[in-house]
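Student: Build me a structure from this.
(one chain, ligands or ions: 1)
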Amino acid sequence: MTQTTRAIRIHAPGGAEQLQLDTVEVGDPGPGQVRIRHHAIGLNFIDVYHRTGLYPLAMPHGIGMEGAGVIEAVGEGVTHLKVGDRAAYAANPPGSYCDARVMPAMNLCRLPDGIDFETGAAMMLKGLTAQYLLKRCKPVEGLEAGDFVLFHAAAGGVGLIACQWAKALGLRLIGTAGSDDKCALAREHGAEFTINYRTENFTQRVKEITGGQGVKVVYDSVGKDTWDGSLDCLRPFGLMVSFGNASGPVAPFSPGILGPKGSIYVTRQTLFTHISSRERTQAMADDLFSVVGSGQVRIRIDQRFALADAQAAHRSLEGRQTTGCTILLP
Ligand SMILES: NC(=O)c1ccc[n+]([C@@H]2O[C@H](COP(=O)([O-])OP(=O)(O)OC[C@H]3O[C@@H](n4cnc5c(N)ncnc54)[C@H](OP(=O)(O)O)[C@@H]3O)[C@@H](O)[C@H]2O)c1
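Tutor: Okay, the predicted model is just below:
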């Protein structure tokens, strides 16, 4: 049975004005797929990269990689979900900015009863990212309670989750953010120290905070603007985890620079490698559900927009006006 749905799509890469509200057909799920009706949709910075063309998509294309809702139909071979289940996801392909969609079932997880749709939609992509960054991305000398780490954009969606989770793990997180208010918010959520990197030299401050030692891991999603300074925050054998480009992509560099900085390690990570199997997706989601269920990590939704107002939501996210998570409501 084919029905129609509202969907925000892009027909050409560009600014927020490229986000168009279209009416598209949605059919029945094929093998390995489900149809989900969204109750809430998560906004992520990767949606901006898709929209601008930094991460190219075939056009026209749906946008958005996170959502929560109710399973309406289940395709052949899908055994972990049934019609009527409440579910949430972080998943490819982009296309969550809509009322309903057909999509691969692999990355959809049943939402525990205690977690509402808005929280589910806000936390999957950002929470699973914090999970793999802190638990599956280890420096060669290990990461123990008491170790210093540096987390950029600490008051953002991924950032506030990471601050809380790092604290629960006993890590001493130094967070950077673009205003004093954002710094205060990061501290309220578990960052032990914060640095306003618009007004302070974060590399120098990290050296002071760590008594000249540097941190074991830098989690850098800002990219171009923070790359060089981040490398100089690491202690010997430390790990630079590059996982985003909010300020622009990192310029090419020579591996020769890593030796004199203390034989440091560099990795570029993406969530989609980590959630490439159903089993690992569920195991990571169970870990996330557990810290959210216990209250160790609270999912803070600071911005809510109507689905039709996706343009305003994008302007706000890329204009550095948001804190915590942002959701769209169908
Ligand atoms: N690789 C992965 O697996 C993965 C998964 C999820 C997210 N990410 C990345 O993690 C980052 C956080 O994602 P999010 O969705 O939670 O976004 P977010 O942190 O809520 O928003 C991005 C933040 O980046 C900071 N920023 C610094 N320079 C910026 C600039 N020139 N333009 C815009 N923002 C700038 C801003 O905070 P301040 O004002 O405090 O600087 C802004 O609020 C993004 O870079 C995203 O691509 C990567």
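Student: Name the nearest residue to residue 119, ignoring sequence neighbours.
Tutor: residue 299 (4.8 Å; C-beta to C-beta, 6 or more residues apart in numbering). The way it works is simple: take the backbone N, C-alpha and C, and place the C-beta from them, glycine included.
Student: got it, and residue 159?
Tutor: The shortest distance from residue 159 to any non-neighbouring residue, by C-beta to C-beta, 6+ apart, is to residue 153 (5.0 Å).
Student: residues in contact with that neighbour?
Tutor: Shown in contact with residue 153 (C-beta atoms under 8 Å, 6 or more residues apart in numbering): 159, 176, 177, 178, 221, 222, 246.
Student: if we go to 6 Å?
Tutor: 159, 221, 222 (C-beta atoms under 6 Å, 6 or more residues apart in numbering).
Student: Near the ligand, list only the ones from these.
Tutor: 159, 221, 222 (C-beta under 6 Å from any ligand atom).
Student: Buried residues in the helix or strand harbouring the first one, which are they?
Tutor: Just to be clear, that refers to residue 159. Residue 159 belongs to helix 157-168 when assigned by DSSP states H and E. By neighbour count on 16 or more other C-beta atoms under 10 Å, the buried set for helix 157-168 is 157, 158, 159, 160, 161, 162, 163, 164, 165, 166, 167.
Student: can you state the direction angle for the following helix or strand past that helix and helix 157-168?
Tutor: Downstream of helix 157-168, the first helix or strand assigned by DSSP H and E is strand 172-177. Using axes from the mean of the first three to the mean of the last three C-alpha atoms, to 10 degrees, the inter-axis angle of strand 172-177 relative to helix 157-168 is 160 degrees.
Student: does the ligand sit close to strand 172-177?
Tutor: Yes. On the criterion C-beta under 6 Å from any ligand atom, strand 172-177 is in touch with the ligand at residue 177.
Student: avg pLDDT for that strand?
Tutor: Average pLDDT, strand 172-177: 99.
Student: contact partners of it?
Tutor: 148-152, 154-155, 163, 166, 183, 186, 191-195, 197, 202, 209.
Student: Narrow the residues you listed to those in strands?
Tutor: Among those, the members found in strands (DSSP state E) are 148, 149, 150, 151, 193, 194, 195.
Student: Rebuild these as TSV, extending it with distance to residue 24, neighbour count and pLDDT.
Tutor: Shown next, in TSV, are those (distance: C-beta to C-beta, whole Å; neighbours: other C-beta atoms under 10 Å; pLDDT from 0 to 100):
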residue	distance to residue 24	neighbour count	pLDDT
148	48	22	98
149	43	25	99
150	43	31	99
151	38	30	99
193	48	19	98
194	43	25	99
195	45	25	99
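Student: how about the helices in the stretch 1-150 of the chain?
Tutor: Applying DSSP state H, counting those that start in this stretch to the stretch 1-150 of the chain gives helices spanning 45-52, 117-135.
Student: Can I get the longest one in PDB, CA atoms only?
Tutor: Output for helix 117-135, consisting of C-alpha atoms alone and laid out as PDB, is shown next (Å, rounded to 0.1, in the frame of the first residue of the first chain):
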ATOM      1  CA  PHE A 117      10.200   9.500  21.900                       C
ATOM      2  CA  GLU A 118      11.800  12.900  22.200                       C
ATOM      3  CA  THR A 119      14.700  11.600  24.300                       C
ATOM      4  CA  GLY A 120      15.000   8.600  22.000                       C
ATOM      5  CA  ALA A 121      15.200  10.800  18.900                       C
ATOM      6  CA  ALA A 122      17.700  13.100  20.500                       C
ATOM      7  CA  MET A 123      20.100  10.500  21.900                       C
ATOM      8  CA  MET A 124      20.700   7.700  19.500                       C
ATOM      9  CA  LEU A 125      23.300   9.200  17.100                       C
ATOM     10  CA  LYS A 126      24.900  11.500  19.600                       C
ATOM     11  CA  GLY A 127      24.800   9.000  22.500                       C
ATOM     12  CA  LEU A 128      26.100   6.100  20.400                       C
ATOM     13  CA  THR A 129      28.900   8.400  19.300                       C
ATOM     14  CA  ALA A 130      29.800   9.300  22.900                       C
ATOM     15  CA  GLN A 131      29.700   5.500  23.700                       C
ATOM     16  CA  TYR A 132      32.200   4.500  21.000                       C
ATOM     17  CA  LEU A 133      34.400   7.600  21.700                       C
ATOM     18  CA  LEU A 134      34.800   6.800  25.400                       C
ATOM     19  CA  LYS A 135      34.600   3.000  25.300                       C
END
